[in-house]
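Undergrad: can't give you the sequence, but here's the structure:
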């Protein structure tokens with residue numbers, strides 16, 4: 001059959017039967033990305049496409065799905081419906097609080113303060129594989145954490161008052177204070193302050209100044225602004241200024257902010273503020289030019305690598321633990337080198353290289369440094385400098401799936417995990433979600449022994465009928481990566497026998513299904529797949545908007561797919577198509593997300 005192309009829409013299918021066996025799902029040593037957040041229940045695995053809070057109800061904005069249910073509408077039907085559409089439809093916009101990385105980056109760009117001021121704020125929640133604080137209600141603890149972070153940042157900023165203020169706050173009086181508040185408020189709120197807001201902050205500055213001089217008033221203002229919802233949240237209402245059940249165009253300032261947090265993971269720069277003030281971002285030519293400019297800016301290095309780390313489920317790799325006796329080299333230095341490889345490689349391909357999806361999967365080179373040379377058995381080239389591409393053995397390494405960060409994160413502490421590696425590929429690269437295992441499943445992995453291979457230890461998953469319904473969808477994919485040990489080193493033997501890296505993809509779509517032998521063949525298969533390309537488009541859409549696509553986004557996504565296909569699957573064009581789309585440039589705050 002042809003790959004499903006609607007709404008994206010393979011996420012609307014739960015492809016697995018309920019899993020229940022003594023397998024390795026959720027077993028000891030699991031990477032954090034594979035574990036559901038505490039207090040939540042997900043019916044969509046790592047994708048989170050139909051996740052609900054405990055005791056809650058399904059999110060009406062997400063595709064309603066059931067195992068074995070009706071497949072999404074085919075591509076031709078979507079094209080027909082979209083051609084007949086007279087009023088654009090988009091999914092409902094979620095009110096999102098900044099992620100911790102966005103907070104850190106914004107504080108740096110706003111105040112020039114280095115470090116990680118959000119380090120003590122509770123971990124971000126996820127929508128799909130991506131950080132997005134859009135669902136969990138705020139509790140008193142999180143409010144307190146933000147208050148403490150704001151106070152600490154404001155105290156540091158106090159030392160830079162003379163640099164940050166446009167005039168001398170010590171001697172400039174109320175007029176100077178108002179000038180500072182208007183300029184700083186525009187950047188902190190990412191829109192001009194209303195007159196009442198400005199007046200309230202001027203009064204706050206005066207109150208602080210009465211207690212401890214201008215510096216105290218300055219600190220009061222900064223600390224208060226950093227706790228405002230207008231600083232902490234991505235606030236999108238639209239040009240009408242009131243919530244609407246139909247798509248409304250974003251204001252220039254809202255679009256500038258949405259664009260900057262997508263491509264830079266931080267606040268807009270002066271150029272974006274100028275364009276917003278002149279209402280120029282509504283011009284598609286101007287908007288596309290900004291995408292080109294912003295991808296050429298160093299700040300894109302905050303977002304492009306981050307997409308790939310989160311997409312591959314390795315963003316939390318610093319929490320991964322390995323058995324010290326078996327893998328003594330695995331420690332902070334090696335982990336940092338692994339994460340740097342995937343970050344630098346993806347940035348090189350997208351921002352400096354050909355930008356192609358196929359290159360991400362098949363490149364016989366990478367950007368490695370330090371201990372990775374030894375792990376990969378590669379010699380440091382003559383004249384090598386950090387940041388340069390390094391050719392690798394093309395029989396062992398081929399793009400992202402053969403990089404150590406992916407392989408080590410999706411493995412157990414003392415052995416590989418065909419389950420976790422298979423789940424990551426099935427869900428994050430094919431956009432096909434799996435039922436979670438039953439609550440009573442024995443999820444302890446079989447202990448590794450020198451007398452058995454991984455394939456032998458996990459054979460029960462295929463021989464046990466209770467297990468096979470689900471594991472046949474993931475284990476055969478993960479077993480194709482058995483040439484790589486739990487920290488990503490290439491190996492030719494596993495226990496007492498040569499590695500058997502044969503694998504198979506089933507129930508996925510004609511252009512990816514079938515047997516394969518090893519990671520190189522698998523990577524080549526995925527690189528040419530339309531299903532994978534469409535999934536990649538979905539994932540970038542989710543990263544851009546902090547939400548799962550809804551049925552009402554179908555026409556937007558169809559246009560995005562077409563533009564991505566026409567470019568030969570150039571990710572830079574994909575990013576541009578998303579920015580130019582109706583779903584990115586508009587907001588809908590009310591009503592059902594169900595459309596097509």
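TA: Perfect, thanks for sending it. All of these numbers come straight from a predicted model, not from anything done at the bench. Numbering: from 1, shown residues only.
Undergrad: Below-threshold pLDDT in the stretch 401-550 of the chain: ranges please.
TA: Applying pLDDT under 70 to the stretch 401-550 of the chain picks out residues 463, 465-466.
Undergrad: where do the helices sit along it?
TA: Ranges of helices in the stretch 401-550 of the chain, per DSSP state H, counting those that start in this stretch, are 404-409, 418-424, 454-457, 460-463, 465-471, 475-478, 518-527, 530-545.
Undergrad: try the stretch 51-200 of the chain
TA: Under DSSP H, counting those that start in this stretch, the stretch 51-200 of the chain gives helices at 75-84, 100-111, 140-158, 161-164, 173-189, 195-225.
Undergrad: Just list the residues touching residue 166, thanks.
TA: 176, 179-180, 183 (C-beta atoms under 8 Å, 6 or more residues apart in numbering). Yep, even glycine has a C-beta here, placed from its N, CA and C like the rest.
Undergrad: what do you get if the cut-off is 10 Å, keeping everything else the same?
TA: Listed by C-beta atoms under 10 Å, 6 or more residues apart in numbering, the contact partners of residue 166 are 172, 176, 179-180, 182-184.
Undergrad: any idea how far residue 585 is from the residue positioned nearest the centre of the chain?
TA: Note on the chain: the residue nearest the mean C-alpha position is residue 130, at 3.2 Å, using C-alpha atoms, centre = their mean. Plainly put, residue 130 is 20 Å away from residue 585 if you go by C-beta to C-beta, to the nearest Å.
Undergrad: returning to that earlier point: take the contacts of residue 166 and lay them out in TSV including distance to residue 298.
TA: Shown next, in TSV, are the contacts of residue 166 (distance: C-beta to C-beta, whole Å):
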residue	distance to residue 298
172	34
176	33
179	30
180	28
182	29
183	24
184	24
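Undergrad: Residue 343: which of those residues is nearest?
TA: residue 184 (32.1 Å; C-beta to C-beta).
Undergrad: mean confidence for stretch 98-106?
TA: Taken as a whole, stretch 98-106 has a mean pLDDT of 98.
Undergrad: centre of the chain versus that stretch, how much separation?
TA: 14 Å (C-alpha atoms, centre = their mean, to the nearest Å).
Undergrad: so where's the chain uncertain?
TA: 1-75, 463, 465-466, 591-596.
Undergrad: again, only using 80
TA: For the chain, applying pLDDT under 80 flags the ranges 1-80, 83-84, 86, 437-444, 460-469, 590-596.
Undergrad: Show me what counts as buried in stretch 279-298.
TA: 281-282, 287, 290-291, 294-295 (16 or more other C-beta atoms under 10 Å).
Undergrad: ok, now which ones touch the nearest residue to residue 349 once chain neighbours are set aside?
TA: Nearest residue to residue 349, sequence neighbours excluded (C-beta to C-beta, 6 or more residues apart in numbering): residue 359, at 5.1 Å. Residue 359 is in contact with 345, 348-350, 353, 365, 399-400, 527, 569-571, counting by C-beta under 10 Å, 6+ apart.
Undergrad: related to what we said a few turns ago, the helices of the stretch 401-550 of the chain: which one's closest to residue 217?
TA: That would be helix 530-545 among the helices of the stretch 401-550 of the chain, by C-beta to C-beta, at 38.2 Å.
Undergrad: Relative to the whole chain's centre, how far out is the helix or strand following that closest one?
TA: Counting by DSSP states H and E, the next helix or strand C-terminal to helix 530-545 is helix 554-566. Distance, stretch centre to chain centre, for helix 554-566: 20 Å (C-alpha atoms, centre = their mean).
Undergrad: And for stretch 198-210?
TA: With C-alpha atoms, centre = their mean as the basis, the mean position of stretch 198-210 lies at 39 Å from the chain mean.
Undergrad: returning to that earlier point: which two of the contacts of residue 166 have the greatest separation?
TA: 172 and 184, at 14.0 Å, using C-beta to C-beta across the contacts of residue 166.
Undergrad: Look at those two and report which has more neighbours.
TA: residue 184 (22 against 16; other C-beta atoms under 10 Å).
Undergrad: Quote the end-to-end distance of stretch 322-334.
TA: Length of stretch 322-334, first residue to last, C-alpha to C-alpha, to the nearest Å: 12 Å.
Undergrad: How about residue 134: what's its closest non-neighbour residue?
TA: Residue 134 sits nearest to residue 94 (C-beta to C-beta, 6+ apart), 4.0 Å away.
Undergrad: Okay, that neighbour and residue 537: tell me how far apart.
TA: 20 Å.
Undergrad: swap in residue 144?
TA: Relative to residue 537, and taking C-beta to C-beta, residue 144 is found at 40 Å.
Undergrad: do residue 528 as well
TA: 16 Å.
Undergrad: And residue 276, by the same measure?
TA: Distance from residue 276 to residue 537, by C-beta to C-beta: 27 Å.
Undergrad: ditto for residue 496
TA: With C-beta to C-beta as the criterion, residue 496 and residue 537 are 44 Å apart.
Undergrad: Which of the two has more residues huddled nearby?
TA: residue 537 (26 against 11).
Undergrad: Touching, residue 571 and residue 347? I think so.
TA: No. Counting by C-beta atoms under 10 Å, residue 571 stays clear of residue 347, with 11.3 Å between them.
Undergrad: Comparing those two, which residue is more hemmed in?
TA: Neighbours were counted for residue 571 and for residue 347 using other C-beta under 10 Å; residue 571 has more, 25 against 19.
Undergrad: show me the residues around the more buried one that make contact.
TA: With C-beta under 10 Å, 6+ apart, residue 571 has these contacts: 304, 307-308, 346, 349-351, 354-357, 359-360, 536-537, 540, 564.
Undergrad: try residue 453
TA: Counting by C-beta under 10 Å, 6+ apart, residue 453 touches 459, 482, 493-500.
Undergrad: And residue 312, by the same measure?
TA: Residue 312 neighbours (C-beta under 10 Å, 6+ apart): 33, 129, 342, 346, 400-401, 403, 405-406, 409-410, 424-425, 428-429.
Undergrad: For it, grab phi and psi.
TA: phi -80, psi 0 (degrees, to the nearest 10).
Undergrad: Then the one 3 residues further on?
TA: Listed backbone geometry of residue 315 is phi -60, psi -30, with angles given as degrees, to the nearest 10.
Undergrad: Tell me how far it lies from residue 329.
TA: The spacing between residue 315 and residue 329, counted by C-beta to C-beta, is 22 Å.
Undergrad: Tell me which of the two has more neighbours.
TA: residue 315 (25 against 13).
Undergrad: tell me which element the closest residue to the more buried one other than its chain neighbours falls in.
TA: Leaving aside its chain neighbours, residue 315 sits nearest to residue 309 (4.4 Å; criterion: C-beta to C-beta, 6+ apart). Assessed by DSSP H and E, residue 309 sits inside helix 304-311.
Undergrad: residues in contact with the residue in the chain sticking out farthest from the centre?
TA: Outermost residue of the chain with respect to the C-alpha centroid, by C-alpha atoms, centre = their mean, is residue 171; its distance is 46.8 Å. Contact analysis of residue 171 by C-beta under 10 Å, 6+ apart lists residue 214.
Undergrad: ditto for residue 514
TA: 503-506, 508, 525.
Undergrad: Identify the bridge partners of it.
TA: residue 505 (DSSP bridges).
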